[in-house]
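In: Provide a 3D model corresponding to the input given below.
(chains A and B)
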Amino acid sequence: DVKVTQSSRYLVKRTGEKVFLECVQDMDHENMFWYRQDPGLGLRLIYFSYDVKMKEKGDIPEGYSVSREKKERFSLILESASTNQTSMYLCASSSGENIQYFGAGTRLSVL
Amino acid sequence: GNSVTQMEGPVTLSEEAFLTINCTYTATGYPSLFWYVQYPGEGLQLLLKATKADDKGSNKGFEATYRKETTSFHLEKGSVQVSDSAVYFCALSMNTGFQKLVFGTGTRLLVSP
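Out: A predicted model of the protein is given here:
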């Protein structure tokens, strides 16, 4: 089975902190994605990557950056966390079959 | 742009009732269509998919048919169980480019015994 692992289930951070969310997949997938999930808004794409060191902006990239130094790992970075970034963050990966596999999510609270 | 609209929830049903969750889409071209399910405390997982018009996706007793004429992909199940309680997301992906998914807002299903 495909496994997508997010490093933390819950995080609490202070406004202004730099925050790293880590995601690792074990199926050698080319594509990886970061979403945020908010009530009434569904999932919104923040960034995605189709290869090592490659990244593309999604629909809501402002306030976020990403890093993909290895194929299996895709990191989401909040350079200076703000309260409006309190959300559930979901990582996903996919290959050529056009099915995305999701991690369990990280619930981030910014105080 | 491409978008997905699904019915607001929550949908509250008794066990063994018939389920329909409506989903319509707007897309330039011919997308693939998906239903994902999110059980409490978990990430999303693929429930079923259809890649072209008139295709029917099915899994775990759930079905959805890709209707190009009505741009719809409604999810149905003949007899729901308590264990089906979850949030259901309709999504589309264009069959070119980087396989980005466009999601609906999700519909919460609550099934009582």
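
In: Using the three-state scheme, assign residue B:102.
Out: Look at residue B:102: counting by DSSP: H, G, I helix; E, B strand; the rest coil, its state is strand.

In: which stretch of helix or strand covers the residue nearest the centre of chain A?
Out: When Cα atoms, centre = their mean is applied to chain A, the residue found nearest the centroid is residue A:34 (3.1 Å). Residue A:34 is located in strand A:31-38, with elements delineated by DSSP states H and E.

In: ok, then the element right after that strand?
Out: Criterion used, DSSP H and E; the element after strand A:31-38 is strand A:42-49.

In: Tell me the first helix or strand C-terminal of that next one.
Out: strand A:56-57.

In: could you say what helices and strands the next helix-or-strand element following that next one packs with?
Out: Reading on from strand A:56-57 to the C-terminus, the next helix or strand found by DSSP H and E is strand A:65-70. Applying 3 or more Cβ pairs under 8 Å, 6 or more residues apart in numbering or on different chains; DSSP states H and E, we find strand A:65-70 packed against strand A:42-49, strand A:73-78. For the C-beta atoms, the positions are set from N, CA and C on the backbone; glycine is no exception.

In: So, low pLDDT: which residues of chain A?
Out: Counting by pLDDT under 70, the ranges of chain A that qualify are A:1-2.

In: Contact residues of it facing chain B?
Out: A:4, A:31, A:33, A:40-45, A:48, A:50, A:56, A:58, A:90, A:92, A:94, A:98-105 (Cβ under 8 Å from any Cβ of the partner chain).

In: And the residues you listed, which of them are buried?
Out: A:4, A:31, A:33, A:42-45, A:48, A:50, A:58, A:90, A:92, A:94, A:98-105 (16 or more other Cβ atoms under 10 Å in any protein chain shown).

In: and the residue of chain B found nearest chain A, what are its phi and psi?
Out: Nearest residue of chain B to chain A: residue B:43, at 3.6 Å (Cβ to the nearest Cβ). Note on residue B:43: its backbone torsions stand at phi -80, psi -180 [degrees, to the nearest 10].

In: Excluding residues flanking it in the chain, which one is nearest it?
Out: Of all residues not flanking residue B:43 in the chain, residue A:102 sits nearest, at 3.6 Å (Cβ to Cβ, 6 or more residues apart in numbering or on different chains).

In: wait, isn't that neighbour in contact with residue A:88?
Out: No: counting by Cβ atoms under 8 Å, residue A:102 stays clear of residue A:88, with 11.2 Å between them.

In: does the closest residue to residue A:37 other than its chain neighbours belong to a helix or a strand, and which?
Out: In this structure, residue A:37 finds its nearest non-sequential neighbour in residue A:88, 4.3 Å apart by Cβ to Cβ, 6+ apart. Here residue A:88 sits within strand A:87-94, counting by DSSP H and E.

In: List the pairing partners of that strand within its sheet, with orientation.
Out: Sheet pairing of strand A:87-94 (DSSP bridges) gives strand A:31-38 (antiparallel), strand A:101-102 (antiparallel), strand A:106-110 (antiparallel).
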